[in-house]
Each structure stands twice: as C-alpha cells, then as structure tokens.
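Participant: build me a model from this:
(one chain, ligands or ions: 1)
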Amino acid sequence: MASNFEKAGSDFWQWLIDNKAAVSDGIAFKDYSAENAGRGVVATRSIKEGEELFTIPRSLLFSTKTAQLASKEDMAAVLDELDGWSPLILCMMYELDREDSFWKPYFDLLPRSFSTPMFWTDLDALKGTDVVKKIGKQEADQCYDDQIVPILKAHPTLFDLKIHNKELFHVCGSLIMAYSFHDEYKDESVSSSNKKQHNGTSDDEDEDEEADEEEEEEGLLAMVPMADMLNHKTGYNNARLFHEPHGLVMKSIKDITQGDQVYNTYGDLCNADLLRKYGFTDDNNEHDLVEIDGEDLVTLACSEDEDMDLKEEKISFLMDEGVMDDYFVIDGDHEIPPEMIIAVIVLGSSRDVFEKMVAKEKLPKPKMTEKVEQVLLSLLKLRLSKYGTSLKEDLEQIQGTPTENEKNALRVRIGEKTILENTLDSLSSSGSTSDKSSLEKRPASSSLDQSSNKKAKK
Ligand SMILES: C[S@@+](CC[C@H](N)C(=O)[O-])C[C@H]1O[C@@H](n2cnc3c(N)ncnc32)[C@H](O)[C@@H]1O
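Facilitator: Here you go, the predicted model:
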C-alpha cells in the first residue's frame, strides 16, 4: 500500500500532468527525510546537461494574480494596498486549507512546521551569530496585528480569526520565504503600457512608482509548484530554473548520474542565511562570512574623549562616501575590506586632518598602520567574545550528538569563528609594516568598489 508520502506525491504529479505541465521521465520524487531534507527530486536515469526536467505553465503559479481571494469583491484593492509579502501571505492564508482550491494537491505537499530559528523557543545556541538580529519575528507579529487583522475583521464573510490566526500567518510567511520564486519573465508590451499610465505624478506617487518599479524589476512573487520541490546543497547545484515566455523551465546545467539528487540553487548563501531562511545548513559552506558591527568599529576607532559632534560628522562623511554601513563583511578570503581600514583611519583622525579630508572630499588610502592594526585586532577579538564559547569547544560539541537545531547553530558559529580567527591570525602575522599592496591597490575614493563590502543579502 502506498504511504502518505507517496500518495501525496503521485496525486500532485498527476495534477501537474492534468494541467499541462511537462515532466521528464528522468526524474522522480524521493524521500530524503533520513537526511532531514524532506522531499527532493532524484534522477531515475542519467541526464545530459541542458535537458528539460519540467516545464510549469504560468497558469499553475499561485500568486496574487491567480489566487481565489483576488477575485472576491473589493479584495483586489485591499491586496493592492498591502506591500512586501503581505498580499501573497493573505491569499495563501485564505486558500491553503480550502477543499475547493485549484492548488489543493500542491498545498497538500507543503510542510506546516519549520526548522527555521523563527520557530525556536531557545535562541541561546545562536548567541553572537549573524542570525539572531535578522530573524524578524517581532516585525512579522506586528505586521499581522497592524495590517492583516484589520482586514480579517473587516471581511467576516471571508475570514475567521480563529482559523486565520497568527500561527497560520507565520506558516504562510515561512512557505513564501523558503518556497517562492520571483517570475523574472517580463512581457515588454505590458510593462510599457503600464509606464504610459504613470505619467504626470506627484511626489508620493513618484515614490509609489519607484516601489512598483522595484517590484517589477524583481518580477512577480509566486509559488511555483514542482520548481520548489528541489533541495539545495552548496557546491552540488546541477539544475536551474529558466523563465521563458511559455512557462518556467527547470533544466539540468550538468550531466547528472542516475540516482543522484537534482539540486536547484537558492543562491550563494552563507550558513547563517540558509538557517534563517530555510532551516538547514551545509557542512563546510564556501559562502560563509562574518559581519562586523559598524557601531563596534566606531566605538573602538574613536578616541574615548572624542567630541560627539565631530564623531557624528565623521560617521556622516563615511556614510556619504559609501564607506560606512551598518556592518562590514569579511568573507572566506580572511581579508580586511579596505573600507574598514579607511573607516578606522577617518574615525581616528584629528579634527585638522579630518577637516582637510572633507574640504578635499578625499578619503585616505587604506594604509595599514600599527594604530589601525591595533583597532582591528581589538575589533575582531570583541566580535569573537560575543559567542560565549570558543571555536575549540564548538568543534568538540559538533563531534558529539547535538540535536539538529544545535548542529545547525554550531555550523554557523564554527563558520563565522573560523573566518574571524583566520583573519586575526593573518592580521597579527602580517604586521603593520608588511606589504599591504593588495589592499592599497584598491581605489580609495567615493568611487570605491564596494563589492567586497556589500551588505550581505540577508
Ligand atoms: C524549496 S523547499 C524544497 C522541498 C522540501 N525538501 C520539501 O520537502 O518540501 C526548501 C526546503 O527544503 C529543505 N531543504 C532543502 N535543501 C536542504 C538540504 N540540503 N538539507 C536539509 N534540508 C533541505 C529545507 O527544509 C528548506 O526549507
């Protein structure tokens, strides 16, 4: 007898075929729950690079354009007023458990519980990591209370607060976080006629228009049945979704051996991001990075008796020049970004020297002096002290029998701390007098290449 896992999978597969999706005979669902990875897709025969694995017509996408709720009286206008993920969350809250939903066989396959830190009751294991400050649980709760509840109350024929509660809101938000796509395909004829209608607008409308354009750039947020059944593993990506006029096409981007898992990519994400968005981490993630708090750098780089106004001026100058941000990023190269060095120099400069920089609108070169080095060493040590455990202790603990959540938190901590310790080592062993030409080669002006210091997309 077929298990629930198999039955739900085969009902969904049939629904795809019945609704004109094309699915290759070279793939099937496989249960990867022994690896804590749920359902995934496996190659049932050898697959050549460039083969189409499946094509999903746009009529199967669940979005604010296709959801039942969008066609209910005055709901299109209500959805239009909401921003971010809220419109799609509301549509999903309405339809996820409806027996009459067109997407029922698909929704039946989606999980209702998640291993993301959003649902952890104890965040101790993540102390000091880049995950904690970005979980966003309070913001999400507030969004439900302030934006969603008034709509639910105003439409009692459509919603029931007992069913459409905060828990369901978090489930739908988490599904969108881990399963949705932006359909990047642009129908040029539609977007140009939209632009025409937007002529002659006020300032507020200009801002709205900018937000609309940003959304338009990203593409339509949608759940894409089947495309979201592929797992991700850093370094193992062998398939990719192509946004074509006739639908969304998953193609192999490498030859795949029979029996191998078919992996999509969720992006070049560090373990902190994989955990926060998807609830899992990779062993040895080459995209790991560590964030250094801009505020900590300011505290350590400025002298203790620094005039407050001068400090603020220095920060504004650095921000205007694009050097300073909420945090600096150090990645697996273990190199201090030149922007960090410049920020330390500017913040530690005397009033006279700083005023000359401002007058000339010129940033100093990222030169590693002994003073700068001392500040950076203290900064890295301060960052390391925030975890409350040492790298050695973490490495020992992960060899034991941690729970799945503990293991994921340990991998994040180990990844971040390894970068911090290696950066500390190379900084102390290189010494301030050694050749820093690789850093100094980087241009030090307002046109500074920010690529090494981009805010991590979290
Ligand atoms: C887009 S879905 C993929 C399908 C999913 N496995 C399922 O059973 O519905 C993304 C989710 O799959 C799981 N996942 C993906 N790749 C994984 C991996 N390498 N290890 C563990 N879980 C993974 C995570 O739970 C993630 O949030």
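
Participant: make it CA atoms for all contacts and neighbour counts henceforth
Facilitator: Noted.

Participant: write out the residues of the stretch 151-300 of the chain neighbouring the ligand.
Facilitator: On the criterion Cα under 6 Å from any ligand atom, the ligand has as its neighbours in the stretch 151-300 of the chain the residues 178-179, 228-233, 278-280.

Participant: may I see the ChimeraX selection of the buried members of the residues you listed?
Facilitator: Applying 16 or more other Cα atoms under 10 Å to those leaves a buried subset, and the ChimeraX line that selects it is:
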select :178,179,229,230,231,232,233,278,279,280
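
Participant: from the residues of the stretch 151-300 of the chain next to the ligand, which ones fall inside helices?
Facilitator: Helix and strand membership here follows DSSP state H; of those, those in helices are 178-179, 278.

Participant: nearest to residue 248, of the residues of the stretch 151-300 of the chain next to the ligand?
Facilitator: The shortest distance between residue 248 and any of those, using Cα to Cα, involves residue 228 and amounts to 11.6 Å.

Participant: hmm, the closest one is touching residue 182, no?
Facilitator: No - with contacts defined as Cα atoms under 8 Å, residue 228 does not count as touching residue 182, sitting 12.0 Å away.

Participant: count of neighbours near residue 186?
Facilitator: Around residue 186 sit 16 other residues, with neighbours defined as other Cα atoms under 10 Å.

Participant: need phi/psi at residue 222.
Facilitator: Backbone geometry at residue 222, expressed as degrees, to the nearest 10, gives phi -150, psi 150.

Participant: ok, it - contacts?
Facilitator: Residues touching residue 222, when contacts are defined by Cα atoms under 8 Å, 6 or more residues apart in numbering, comprise 61-64, 88, 180-183.

Participant: which one of those residues is nearest the ligand?
Facilitator: The shortest distance between the ligand and any of these, using Cα to the nearest ligand atom, involves residue 180 and amounts to 7.6 Å.

Participant: the nearest residue to that closest one once chain neighbours are set aside pairs with what?
Facilitator: The shortest distance from residue 180 to any non-neighbouring residue, by Cα to Cα, 6 or more residues apart in numbering, is to residue 223 (4.6 Å). Each beta-bridge partner of residue 223 is listed here: residue 62, residue 180, as defined by DSSP bridges.

Participant: so the residue of the chain most remote from its centre, which of the three states?
Facilitator: Of all residues in the chain, residue 352 has its C-alpha farthest from the mean position, at 42.4 Å, by Cα atoms, centre = their mean. When the structure is split into helix, strand and coil by DSSP: H, G, I helix; E, B strand; the rest coil, residue 352 lands in helix.

Participant: for residue 31, see how far away residue 6 is.
Facilitator: Applying Cα to Cα, to the nearest Å, the value for residue 6 to residue 31 is 9 Å.

Participant: same thing with residue 182?
Facilitator: As for residue 182, its distance to residue 31 is 27 Å (criterion: Cα to Cα).

Participant: ok, back up a step: most neighbours among the contacts of residue 222, please name it.
Facilitator: Counting by other Cα under 10 Å, top hit in the contacts of residue 222: residue 88 with 26 neighbours.

Participant: which residues of the stretch 351-458 of the chain lie near the ligand?
Facilitator: By Cα under 6 Å from any ligand atom, no part of the stretch 351-458 of the chain sits against the ligand.

Participant: quick one: contacts for the residue nearest to residue 180?
Facilitator: If a contact means Cα under 8 Å, 6+ apart, then residue 223 has 61-63, 176, 179-181 as its contacts.
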